[in-house]
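Novice: Generate coordinates for the sequence data below:
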Amino acid sequence: MSKVLFVLPFFPYPLISGGSQAMYNGMVAAASAKADLYLVYPDYGTPEEDRQALSQVLEGKIQIFPFQMQVNKKGEELLNLIYRLKYKAKKLIRGEASARPEATAPYEEWMSQMMPKSEAFCQYINELISKHKIDIVQCEMLDTLALGLTLPLHVKKYFVHHELGFVRKSQHAHLEKEPLVGQAILEINRVVEIDLLNRFDTVITLSETDTQKLKAAGVTSRLHTSFATINHAPQSISDYTGKDIIAFVGPELHPPNKEGLLWFLRNSWDRLLSANPDMQLRIIGQWTEETQQELCAKYRQIHFLGYVEDLSVAIRDTIMIVPILTGSGIRMKILEAGLIGAPVVTTSVGVEGIPLVNGENCFIADEPEEFEKGILALSDQTLRERFIHSTQQIIADRYSQQALIKNRAKLYQ
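Specialist: From the prediction side, this is the model:
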């Protein structure tokens, strides 16, 4: 029986984001393969009840080792204040934002995300490997990528690539301002990312699209195409009436979420209200009080619900929007909407890796006007039901939990 150590960038429970759900499902698959599970992550104050809840849902088949991170609160508060002041100053200088939100140079952030978090964290991981005689170390997300350089040679090293960094970075709006410098730094990041991926024995992607992109980019490690799944059962839509409530799901912490929501609000929301004054927008996920107050003061009929225990209740009878402009991987929220029974309007980036077709089971639009047309077209009940039925069938065929377990079983044996 294999012993698998999951190295995650944050604690994945409760399932408050698509990333959390994808990591959790990977642990379920490993547990089903009868591997012994261990989890280590940098801890900034995870409640003990969350750790107990994860252990309980995995039926005690996991040992959890939080690594306590040291945080300089005064320094962190000062940095946050500086960033807030800079943001407000830029808004005053440039006035109303353009169609796509303004972007500042992210170059330092790009590289720092891939760096090991601390010497002590790396040592702690290696101590766990030695003490528990770990066979497989599975790192997930870019935040853990460079750890492949710090692990002992005798363990198998897996990396789960939830989102290709060099793909998301290539879509960053700031590159339009600095095409020469930006492209040079983008290439440096791509080279580093591909080299680090090649230090792993196996790289697991969440879609065939990402697998092909990694092959083309020069990844020579074994590539295993997997997928993410969700834990809802398909819901009946016989009483579905939603056409006036729009739902957006995603926390502010993930930059593509904020970028996409602002793009939608700035370009489409007022026009949609003119066409249908009864429309409401539900924003689900954790957003700062400052952002909530700012957006509620500027836009009518938007409501922040925060983290919700039961997503199926929050997006039932809604039209789900996924206006993602940058990223790769797959959007778990689209799969969740399909099973819960909410039709989807998204962008080509948002739907990438998911076999949905524009006009057959969703609307895909990259321009604000087309995005709005898709939302308004879903006032037609027959169209809504057709989209939902078709999406639920695709999810049942391709994204079941049993299919995921079978897909990954051999990795952990």
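Novice: Grab the nearest non-local neighbour of L311.
Specialist: Counting by C-beta to C-beta, 6 or more residues apart in numbering, the nearest residue to L311 once its immediate chain neighbours are dropped is E336, at 6.1 Å. C-beta: built from backbone N, CA, C; applies to glycine.
Novice: Excluding sequence neighbours, find me the nearest residue to H162.
Specialist: The spatially closest residue to H162, leaving aside those adjacent along the chain, is G329, at 4.9 Å (C-beta to C-beta, 6+ apart).
Novice: So the one you found is in contact with L206, correct?
Specialist: Yes: when contacts are counted by C-beta atoms under 8 Å, G329 is listed as touching L206 (5.2 Å).
Novice: Now for the two: what residues contact both?
Specialist: H161, H162, G353 (C-beta atoms under 8 Å, 6 or more residues apart in numbering).
Novice: Domain parsing of the chain, as residue ranges.
Specialist: According to the domain assignment given by automatic domain parsing, the chain is divided into the following structural domains: 3-70+106-226, 245-398.
Novice: got JSON lines for these, with distance to Q413, mean pLDDT and mean neighbour count too?
Specialist: Converted to JSON lines, the domains of the chain look like this (distance: least, C-beta to C-beta, whole Å; pLDDT from 0 to 100; neighbours: other C-beta atoms under 10 Å):
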{"stretch": "domain 3-70+106-226", "distance to Q413": "6", "mean pLDDT": "93", "mean neighbour count": "18"}
{"stretch": "domain 245-398", "distance to Q413": "23", "mean pLDDT": "92", "mean neighbour count": "19"}
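Novice: Now that we have those, can you turn them into CSV and tack on distance to Y412?
Specialist: Formatted as CSV, those follow (distance: least, C-beta to C-beta, whole Å):
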stretch, distance to Y412
domain 3-70+106-226, 4
domain 245-398, 21
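Novice: L411: which of those domains is closest?
Specialist: domain 3-70+106-226 (6.8 Å; C-beta to C-beta).
Novice: sorry, back to before: element containing the residue nearest to L311?
Specialist: For E336, the element it lies in under DSSP states H and E is helix 332-340.
Novice: How about exporting that helix as CSV, limited to the C-alpha atoms?
Specialist: Extracted C-alpha coordinates of helix 332-340, given in CSV (Å, rounded to 0.1, in the frame of the first residue of the first chain):
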residue,chain,number,x,y,z
MET,A,332,-15.4,23.8,-11.5
LYS,A,333,-18.3,26.3,-11.2
ILE,A,334,-19.5,25.4,-14.7
LEU,A,335,-19.8,21.8,-13.7
GLU,A,336,-21.5,22.7,-10.5
ALA,A,337,-24.0,24.9,-12.3
GLY,A,338,-24.8,22.1,-14.7
LEU,A,339,-25.6,19.6,-12.1
ILE,A,340,-27.5,22.0,-9.9
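Novice: Let me know the next secondary structure element after it.
Specialist: Scanning the chain past helix 332-340 towards its C-terminal end, the next helix or strand to appear is strand 344-346 (assignment: DSSP H and E).
Novice: From T346, how far off is I319?
Specialist: As judged by C-beta to C-beta, to the nearest Å, I319 and T346 stand 11 Å apart.
Novice: again, but for K169
Specialist: Per C-beta to C-beta, K169 is found 21 Å from T346.
Novice: Spell out, range by range, the strands that occur in the protein.
Specialist: Per DSSP state E, the chain carries strands over the ranges 3-7, 36-43, 62-68, 136-140, 156-161, 202-205, 222-225, 245-249, 280-284, 302-306, 319-322, 344-346, 363-364.
Novice: got JSON lines for those, with distance to A377 too?
Specialist: Putting the strands of the chain into JSON lines (distance: least, C-beta to C-beta, whole Å) gives the following:
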{"stretch": "strand 3-7", "distance to A377": "43"}
{"stretch": "strand 36-43", "distance to A377": "43"}
{"stretch": "strand 62-68", "distance to A377": "46"}
{"stretch": "strand 136-140", "distance to A377": "38"}
{"stretch": "strand 156-161", "distance to A377": "35"}
{"stretch": "strand 202-205", "distance to A377": "33"}
{"stretch": "strand 222-225", "distance to A377": "33"}
{"stretch": "strand 245-249", "distance to A377": "13"}
{"stretch": "strand 280-284", "distance to A377": "18"}
{"stretch": "strand 302-306", "distance to A377": "22"}
{"stretch": "strand 319-322", "distance to A377": "10"}
{"stretch": "strand 344-346", "distance to A377": "9"}
{"stretch": "strand 363-364", "distance to A377": "7"}
